[in-house]
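Q: Just a sequence and a predicted model for now, questions to come.
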Amino acid sequence: MLTRENTVNLVLALLLLVAPLAANAFGQPFYVTLATRIAILALAALGLNLALGLGGLVSFGHAAFFGIGGYAAGILSSHALSYEPMIFGLPGTVQMPVIWIVAVIASGLVALAIGAISLRTSGVYFIMITLAFAQMVYYFAISWPAYGGEDGLSIMVRNQFPGANTMKPLSFFLVCYLVLLAGIGLFALIRASRFGAALQAARQNETRVATVGIHPYRIRLTGFVISAMITALAGALYADLNRFVSPSMLSWHMSGELIVLIILGGTGRLFGPLAGAALYVAFEFALGGLTERWQFFLGLILLGVVLFARGGLLGLLAGKAKHG
Amino acid sequence: MVEPVLQIDNLIKAFGVLKATDSVSIDLRPGEIHALIGPNGAGKSTLIHQICGTVRPDSGTIRFAGEDIGALNTAQRAQKGLGRTFQVSSLAPEFSALRNVMLAVQAKQGSSFGFFRPVMRDRSLVDPAMAILERVGLADRARLPAAELSHGERRQLEIAMALALQSKAFLLDEPMAGMGPEGSKKLTGFLDALRREAPILLVEHDMDAVFALADRISVLVYGKVIATGTVDEIRRNPTVRTAYLGDHA
C-alpha cells in the first residue's frame, strides 16, 4: 500500500533521477552537477539525521566526519598519482570503493573517540563539545602542510569507479545517486530495527530505556558512529565532485549547514535530508544568482520553517511522522 | 524463613544536613505486597531512587535476589529483574502502546543490537507484547501513541512493561495517583493477582488500596522507618496514628 509519505518519497527520488537525465539530454551538464551536489549533501545530512533525527543527538561537529571522508579521497589519490607511498609503505589508490572503505573506517574510529567522550554530556554541552572536537580537527588540517594546509588539496583527476567513466558528469551522478539510495535503504532498515527502536526510545525518554534494562549510552555511541560513517562517505564523494578538498569542509559552517538541511527537509524523516538538500541547493542557485546575500533570505526561510512548519518540507507534503 | 527477594540494610542518604534516608532497613518477601507509606517529604521517592540506582546511598546495602546490587547502574538492575513504575508515567510518548511493550520484551531478550530485521514483523517481539497488553486490558489501544492514552491507561501500560521484563520484584511508585474511583478499584484487583507473579513494594497514598492489598506496611517519617507490621498492627500503633494516619484509621 502506498501511503502519502511513500508517494512523496517516490516522487522525490524520481525527480532527482529524471532531472539530470533530462539536463544531460539537452546538453546542460551544469544541472547534472547541481543534482550531484544535492545527492551528496543529502547523503551527508542523512548520516547526521541518524544521530540527530532518530537519536536526538544534536551533533554540531559532523563537518569533522564529512571532512575526514574528503581528505581520505584527496590523500589517497594524491599518493596514487605521485607514486609516493604513505605510512607503512602503503600505496595510494584512485579506486572509489577502496577510498570509501578507508573514509568509513577512519571516520568511524574518530567518531568512536569523539562520541565516547561527548555522549557523557547532553543538551547544550553535547552541542558544544562536538563543535569543539570538530574545530580541533579543522585546525589540525590547517596546520598540516603535507596535504596543502590552509590551501587544501586538489584531486587532479576524479577517482574511478569500476564500470563507470566518472569524468562524465552523468556517470558520476549515477554513482552518487545509487550510493544515496543505498544510504536511504540502510537508514530505513536501521530505523525499523531493534537498534532503531532503542535509539528512538532513548531520544523520547532516556529513563524509560534504562528502566527496561537497555544502556542508553551504548545505543547512542553506536548510532553516533554509524551516523559519522555515512557522512564521511558523502564527504569522499563531495571531494571527488569538486576535485578539491580543503579545511572548509571541516569548518563549523559545514556542520551548521547539515543541521539546516535536516530542519528544512524534516527532522527524523527518511527523505527529509534529500528534500532539505534539494531546497537548499535550489535556493543557493536561484537566490545566489540575484544577490550575494542569499543566505540572508535562507535565514528568513529557516525562521519560517522553525516557527510555522516544524516538520519541514516533508511535514508539509506528507503530514506528521508515524511510528508503527 | 524464606529469603527475602529484596533486602535493604541500614541505608543512609543525606542531602546536606537533611537526612532523607535515615538508617532504613526493610525487606520484601516472596509473594507479598509490602506497602511503604508516609507523609509527603518522608523520603519515599529518595528510597525508591536508591533501590533503582538513580541515586547513590551514602552507606548501607541493597541486596536483590541474593546479590549486592549497590554497584550496578539502573539498566543493570533492571536486567537483574527489578521492574519499576514511576510516580509520573514514564513512557516513550511517540511510540504506540504496543511498541513500548515491545521495547521491554526486546530488552528482556537481551539484544538491542539488531540492525536489519524490522521489529514490527518480528513475531518474537509482537506476540508476547500483544499478549501482555491483553492481560492488562489495553489490547484495543495497542496502536495508539502512548501520548494519546488516558492517564489510567498510561499507568497500566507501565505495569505492562514491568510485566514484559518478567521482573522478580515490582517497585510501584504511587500507581493509584490520579486514578478515578473506578480505575483504582480495577487496578487494586489487578495488583492483588500480580503478587503471585512477583512481590510488590508499593508506595501509595491511597489508604483504602493500601489496607486492601498490603500484607505488611512500613511507615516512613522524616527518613526513618517508625514501624513495620501487618495492616492491623499498623492501624493500632499509637505512634503511627499521631504521625501519619490521624483519623483515617
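A: It's in.
Q: Next, give phi and psi for residue B:28.
A: Per-residue torsions, residue B:28: phi -130, psi 120 (degrees, to the nearest 10).
Q: Pairing partners for it in the sheet, please.
A: Beta-bridge partners for residue B:28, by DSSP bridges, are residue B:6.
Q: neighbours around it, how many?
A: Neighbourhood size, residue B:28 [other C-beta atoms under 10 Å in any protein chain shown]: 25. C-betas here are computed from N, CA, C, even on glycine.
Q: Kindly report the same for residue A:304.
A: The burial count for residue A:304: 10, using other C-beta under 10 Å.
Q: Please report the distance of it from residue A:239.
A: Here the criterion is C-beta to C-beta, to the nearest Å. By it, residue A:304 lies 33 Å from residue A:239.
Q: Let me see the confidence value for residue B:3.
A: Per-residue pLDDT puts residue B:3 at 87.
Q: Now the closest residue in space to it that isn't next to it in sequence: phi and psi?
A: In this structure, residue B:3 finds its nearest non-sequential neighbour in residue B:66, 6.7 Å apart by C-beta to C-beta, 6 or more residues apart in numbering or on different chains. Main-chain dihedrals, residue B:66, degrees, to the nearest 10: phi 80, psi 20.
Q: Can you give me the neighbour number for residue B:66?
A: If you count neighbours by other C-beta under 10 Å, residue B:66 ends up with 9.
Q: Pretty sure it sits against residue B:6.
A: No: using C-beta atoms under 8 Å, residue B:66 makes no contact with residue B:6, being 10.4 Å away.
Q: what's the burial count for residue A:208?
A: Residue A:208 has 25 neighbouring residues, counting by other C-beta under 10 Å.
Q: so what's whichever residue of chain B sits closest to chain A closest to, chain neighbours aside?
A: At 3.5 Å from chain A, residue B:78 is the closest residue in chain B, using C-beta to the nearest C-beta. Nearest residue to residue B:78, sequence neighbours excluded (C-beta to C-beta, 6+ apart): residue A:213, at 3.5 Å.
Q: ranges for the strands of the chain?
A: As the question left the chain open, I've gone with chain A. In chain A, the segments counted as strands under DSSP state E are A:153-154, A:244-245.
Q: other chain: chain B
A: Remark: strands assigned in chain B by DSSP E are B:6-15, B:18-28, B:33-37, B:59-64, B:67-68, B:82-85, B:169-173, B:200-203, B:216-221, B:224-229.
Q: Which residue, neighbours along the chain excluded, lies closest to the residue of chain B positioned farthest from its centre?
A: Centroid-distance maximum for chain B: residue B:116 at 34.0 Å, with C-alpha atoms, centre = their mean. Spatially, and ignoring its direct neighbours in sequence, residue B:116 is nearest to residue A:189 (5.1 Å; C-beta to C-beta, 6+ apart).
Q: who touches that neighbour in this structure?
A: B:115, B:116, B:118 (C-beta atoms under 8 Å, 6 or more residues apart in numbering or on different chains).
Q: Surely the second one touches residue A:194?
A: No: with contact defined as C-beta under 8 Å, residue B:116 does not count as touching residue A:194 (9.5 Å).
Q: re earlier: from the contacts of residue A:189, which is closest to residue A:13?
A: Distance to residue A:13 across those (C-beta to C-beta) is lowest for residue B:118, with 20.3 Å.
Q: Could you tell me the per-residue confidence at that closest one?
A: So residue B:118 comes in at 95 (pLDDT).
Q: Could you give the number of residues near it?
A: 16.
Q: For the closest residue to it other than its chain neighbours, report the pLDDT, please.
A: Distances taken as C-beta to C-beta, 6+ apart place residue A:192 nearest to residue B:118, at 4.0 Å, with adjacent residues excluded. You'll see residue A:192 listed with a pLDDT of 96.
Q: same deal with residue B:152?
A: Reported pLDDT for residue B:152: 85.
Q: For it, give me its contacts.
A: B:178, B:179, B:180, B:183, B:187.
Q: which of those residues lies closest to residue A:308?
A: Closest approach between the contacts of residue B:152 and residue A:308, by C-beta to C-beta: residue B:178, at 34.6 Å.
Q: Wait, the closest one touches residue B:153, no?
A: No: the pair residue B:178 / residue B:153 is not scored as a contact, 11.7 Å apart, by C-beta under 8 Å.
Q: quick one: which of the two has more around it?
A: It is residue B:153, of residue B:178 and residue B:153, that has more neighbours when counted by other C-beta under 10 Å, with 20 against 15.
Q: The more buried one touches residue B:142, doesn't it?
A: No: assessed by C-beta under 8 Å, residue B:153 is found out of contact with residue B:142, at 11.0 Å.
Q: which neighbours do the two share?
A: Here residue B:153 and residue B:142 have residue B:97 as joint contacts, going by C-beta under 8 Å, 6+ apart.
Q: How many residues are close by residue A:272?
A: Residue A:272, neighbours per other C-beta under 10 Å, totals 29.
Q: and what of the one 4 residues further on?
A: Neighbour count for residue A:276, taken as other C-beta under 10 Å: 31.
Q: Just list the residues touching the residue lying closest to it once chain neighbours are set aside, thanks.
A: Once flanking residues are discounted, residue A:276 sits nearest to residue A:265: 2.8 Å by C-beta to C-beta, 6+ apart. Counting by C-beta under 8 Å, 6+ apart, residue A:265 makes contact with A:45, A:271, A:272, A:273, A:274, A:275, A:276, A:277, A:279, A:312, A:313, A:314.
Q: Of the residues you listed, which is the most crowded?
A: Of all the contacts of residue A:265, residue A:273 has the most neighbours under the rule other C-beta under 10 Å, reaching 34 neighbours.
Q: and the gap between that one and chain B?
A: Distance, residue A:273 to chain B, using C-beta to the nearest C-beta, to the nearest Å: 19 Å.
Q: quick one on the thing from earlier: please list only the buried members of the contacts of residue B:152.
A: B:179, B:183, B:187 (16 or more other C-beta atoms under 10 Å in any protein chain shown).
Q: The last one against residue B:179, yeah?
A: Yes: under the criterion of C-beta under 8 Å, residue B:187 is in contact with residue B:179, at a separation of 6.4 Å.
Q: Mind pulling up the pLDDT for the residue nearest to residue B:59 when sequence neighbours are not counted?
A: Once flanking residues are discounted, residue B:59 sits nearest to residue B:12: 4.9 Å by C-beta to C-beta, 6+ apart. According to the prediction, residue B:12 has pLDDT 95.
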